[in-house]
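Visitor: pasting the structure only:
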């Protein structure tokens, strides 16, 4: 079945450091891929998406490229801020019911 | 636009009590979902609906019931709450590209 694997956290970085959170997936067909962010005490917010191979999703300085050959969708940001501290979820959807398959989440802590 | 809203935000129940969580959306989306989020377990799908009057089971449906009488509302019911149902519950709707939009969550504690 479909599945998503994220790198385990927590990830601790200093402000202005480069961020990479790895995400790989297993799926049949051509799923859409997403990154969600969850700040403490809040719901999940869609951060970015890619709907086909080689698409690059971007938002708020975050980027991720849909790599079908490596079945990956790694999240990157060139310079993180303290306000980026949150839990990040990678997800895929490919069924007609629109059900999302989530990774376990990666906690990012950015220190001043 | 409010997007997706959930009521209540917090609730404490005693074992055996019942309650209903309400999800409302003003996005005119057909599909709606209920998830629960537990530490170390990620998000798990409880039930979902592909349109008014329809419901279907997700990954962890036992102990929950749902109804979708109106397109904009999706109700999650607990008939006899158990401590194992202590969790944070999220409602979501599906957009055009399979992305989902989440509500702010309901934090439920069952003692």
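Guide: That came through fine. Fair warning: this is a prediction, and the values are worked out from it, not measured in the lab.
Visitor: Now do stretch A:39-52, average pLDDT.
Guide: Per-residue pLDDT over stretch A:39-52 has a mean of 93.
Visitor: does any part of that stretch sit near chain B?
Guide: Yes. Part of stretch A:39-52 sits near chain B under the criterion CB under 8 Å from any CB of the partner chain, namely A:42, A:43, A:44, A:45, A:46, A:49, A:51. For glycine as for every other residue, the C-beta is placed from the backbone atoms N, C-alpha and C.
Visitor: Most neighbours among the residues you listed, please name it.
Guide: In terms of neighbours by other CB atoms under 10 Å in any protein chain shown, the residues of stretch A:39-52 next to chain B top out with residue A:44 at 28 neighbours.
Visitor: Look up how far residue B:25 lies from it.
Guide: Residue A:44 sits 15 Å away from residue B:25, taking CB to CB, to the nearest Å as the criterion.
Visitor: what's the farthest-apart pair in the residues of stretch A:39-52 next to chain B?
Guide: A:42 and A:51 (25.4 Å; CB to CB).
Visitor: Helix or strand with the lowest mean pLDDT in chain A?
Guide: Counting by mean pLDDT, DSSP states H and E, chain A has its least confident helix or strand at strand A:101-102, which shows a mean of 90.
Visitor: tell me what that one is packed against?
Guide: strand A:3-6, strand A:86-93 (3 or more CB pairs under 8 Å, 6 or more residues apart in numbering or on different chains; DSSP states H and E).
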